[in-house]
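**Student:** no sequence for this one, just the structure:
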């Protein structure tokens, strides 16, 4: 899971209960999200794993901040780093 560190407590609880590998990126920071996605892609190549299912966890409207996620840009990054 690639998770925005600005997600609310309920989302974070679900993330923790999932027992998945979790990598956080800075809140609404597309450059940091791209850095994390590059890192994940490089690790997959290094270990010889094929494409894995990845989930980017964000909120459309952040409860804690009142910010709106830049969804079109996040989807573009997701498509770039399949």
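**Tutor:** Everything's here; your move. In this text the structure is predicted, and so the values were computed from the model without any measurement.
**Student:** So which elements touch the top helix by length along the chain?
**Tutor:** Across the chain, the longest stretch assigned as helix under DSSP state H is helix 30-47. Contact analysis of helix 30-47 by 3 or more C-beta pairs under 8 Å, 6 or more residues apart in numbering; DSSP states H and E lists strand 2-4, strand 23-25, helix 71-80 as its packing neighbours. From N, CA and C alone the C-beta is placed, and that goes for glycine too.
**Student:** how far away is residue 81 from residue 42?
**Tutor:** For residue 81, the distance to residue 42 (C-beta to C-beta, to the nearest Å) stands at 10 Å.
**Student:** Then residue 49?
**Tutor:** 11 Å.
**Student:** Run a quick neighbour tally on residue 10.
**Tutor:** 10 (other C-beta atoms under 10 Å).
**Student:** Give me the below-cutoff pLDDT ranges for the protein.
**Tutor:** 51 (pLDDT under 70).
**Student:** let's see it at 90
**Tutor:** Filtered on pLDDT under 90, the chain yields the residue ranges 43-45, 47-54, 63-66, 81-82.
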